[in-house]
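> Mind folding the following:
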Amino acid sequence: MAELATIARPYAEALFKAAGADMDETAAWLDELAAIALNEQLQQFAGDPGVTATQTFDVIGSRAFASLHDFTQWSVGALAPSGVWMAMKGRVPDDELAELPVGVRLFHVEPLVVPGLDAQRCLVWMRPAGVEPN
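As a prediction, the model looks like this:
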């Protein structure tokens, strides 16, 4: 069974790193993490006795969560061997793409149009280096 502490650990580590910066921003971030922990689907996942520590996922997605580097590093253990990461970003994050870990490769950036939103959005698709699509 997946423990909430196991799922929350990357978030907690990031929070402690950020806590030395802006306390107001850190408090707002902590409120967001609390909302994530209260998510019914997350609680069902964590409480499912069929979920093991080695369970992996074909796609791990993120929206306005963290840098691409942190997102991929924090979730690599949950990614299936032929899995992919998908992150929703605003503008194409060229600076973050330049900082991708050595073991992560960008394979597609998909522009998005969000109805009613006059802003740039895109999906950034990545996979472990050396892994080719099935």
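
> so the closest residue to Gln120 other than its chain neighbours, which of the three states?
Nearest-residue entry for Gln120: Arg91, 4.7 Å, with adjacent residues in sequence omitted and distances by C-beta to C-beta, 6 or more residues apart in numbering. (C-beta placed from N, C-alpha, C; glycine too.) Applying DSSP: H, G, I helix; E, B strand; the rest coil to Arg91 yields a three-state assignment of coil.

> all helices of this protein, in order?
Per DSSP state H, the chain carries helices over the ranges 4-18, 23-37, 40-47, 68-75, 94-98.

> Report the rounded mean pLDDT for the third one.
So the one you mean is helix 40-47. The pLDDT scores in helix 40-47 average 66.

> Next: the second one.
When the per-residue pLDDT values of helix 23-37 are averaged, the result is 66.

> Enumerate every residue touching Trp85.
Val59, Ile60, Gly61, Ser62, Phe71, Thr72, Ser75, Leu79, Val104, Trp125, Met126, Arg127 (C-beta atoms under 8 Å, 6 or more residues apart in numbering).

> Separate out the buried members of these.
Neighbour-count burial (16 or more other C-beta atoms under 10 Å) applied to the contacts of Trp85 gives Ile60, Ser62, Phe71, Thr72, Ser75, Leu79, Val104, Trp125, Met126, Arg127.

> Closest to Ala87 out of those?
Ser62 (4.4 Å; C-beta to C-beta).

> circling back: how near is the residue nearest to Gln120 to Pro111?
Counting by C-beta to C-beta, to the nearest Å, the separation of Arg91 from Pro111 is 10 Å.

> and for these two, which residues touch both?
Gln120, Cys122.

> lowest confidence element among the helices and strands of this protein?
Least confident helix or strand, the chain: helix 4-18 with a mean of 61, by mean pLDDT, DSSP states H and E.

> tell me the domain ranges of the protein?
Per automatic domain parsing, the domain ranges recorded for the chain read 1-54, 56-134.

> Excluding chain neighbours, give the residue nearest to Ala119 in space.
Gly90 (6.6 Å).

> Right, I'll call it a day here.
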